[in-house]
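S.K.: let me see the structure of the following:
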Amino acid sequence: MAGRPPKERSFANMLTIELRQAIGIGEDGKPVTKLRKIAEMLVSKAMEGDMAAIKEVADRTDGKPMQAIEASVDVETTSKEQRDAAVAAAILAVQADNERALN
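M.R.: Take a look at the predicted model:
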């Protein structure tokens, strides 16, 4: 069988199932999941001054900062269609990079 496995067998799906598992009961009597424990540990590290943890918390709450796009186009020798195509290609490249970073 070639290609990506069915959704129920995807790594992301299996990881989600694993992270939702309860590992204990909290003080409020509700289950504590692995995901919750990881989040608590991340925040704890950030509070200790761990810059990687601080960046991760900021990225997850505020979103990642916008990336600068540099484009060099000779306005005098290119047509409007060529300039528009260059800008569109740059935008698509940034979107593709952002999607890869999220996955």
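
S.K.: can you list the domain ranges for this structure.
M.R.: Per automatic domain parsing, the structural domains of the chain span 9-65, 66-103.

S.K.: can you give me the helices for this structure?
M.R.: 11-19, 34-47, 51-62, 80-102 (DSSP state H).

S.K.: so which of those helices is nearest I25?
M.R.: In terms of C-beta to C-beta, the element of the helices of the chain nearest to I25 is helix 34-47, at 11.7 Å. Every residue, glycine included, has its C-beta placed from N, CA and C.

S.K.: helices or strands up against the closest one?
M.R.: helix 11-19, helix 51-62 (3 or more C-beta pairs under 8 Å, 6 or more residues apart in numbering; DSSP states H and E).

S.K.: could you dump these into JSON lines with distance to S44, mean pLDDT and mean neighbour count added?
M.R.: Shown next, in JSON lines, are these (distance: least, C-beta to C-beta, whole Å; pLDDT from 0 to 100; neighbours: other C-beta atoms under 10 Å):
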{"stretch": "helix 11-19", "distance to S44": "18", "mean pLDDT": "90", "mean neighbour count": "11"}
{"stretch": "helix 51-62", "distance to S44": "8", "mean pLDDT": "91", "mean neighbour count": "12"}
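
S.K.: before we move on, back to that, so which of the helices of the chain is nearest A68?
M.R.: Closest among the helices of the chain, using C-beta to C-beta: helix 80-102, at 9.5 Å.

S.K.: mind exporting the lowest-mean-pLDDT helix or strand in the chain as PDB, just the C-alpha atoms?
M.R.: Least confident helix or strand of the chain, by mean pLDDT, DSSP states H and E, is helix 80-102 with a mean of 81. Provided in PDB are the C-alpha atoms of helix 80-102 (Å, rounded to 0.1, in the frame of the first residue of the first chain):
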ATOM      1  CA  LYS A  80       2.700  44.500 -14.100                       C
ATOM      2  CA  GLU A  81       1.800  40.800 -14.700                       C
ATOM      3  CA  GLN A  82       5.400  39.800 -13.900                       C
ATOM      4  CA  ARG A  83       5.500  41.900 -10.800                       C
ATOM      5  CA  ASP A  84       2.200  40.500  -9.600                       C
ATOM      6  CA  ALA A  85       3.400  36.900 -10.300                       C
ATOM      7  CA  ALA A  86       6.600  37.600  -8.300                       C
ATOM      8  CA  VAL A  87       4.600  38.900  -5.300                       C
ATOM      9  CA  ALA A  88       2.100  36.000  -5.500                       C
ATOM     10  CA  ALA A  89       5.000  33.500  -5.600                       C
ATOM     11  CA  ALA A  90       6.600  35.100  -2.600                       C
ATOM     12  CA  ILE A  91       3.300  35.000  -0.600                       C
ATOM     13  CA  LEU A  92       2.800  31.400  -1.500                       C
ATOM     14  CA  ALA A  93       6.300  30.500  -0.500                       C
ATOM     15  CA  VAL A  94       5.800  32.100   3.000                       C
ATOM     16  CA  GLN A  95       2.400  30.300   3.400                       C
ATOM     17  CA  ALA A  96       4.000  27.000   2.500                       C
ATOM     18  CA  ASP A  97       6.800  27.600   5.100                       C
ATOM     19  CA  ASN A  98       4.200  28.500   7.700                       C
ATOM     20  CA  GLU A  99       2.200  25.300   7.000                       C
ATOM     21  CA  ARG A 100       5.300  23.100   7.200                       C
ATOM     22  CA  ALA A 101       6.200  24.800  10.500                       C
ATOM     23  CA  LEU A 102       2.700  23.900  11.900                       C
END
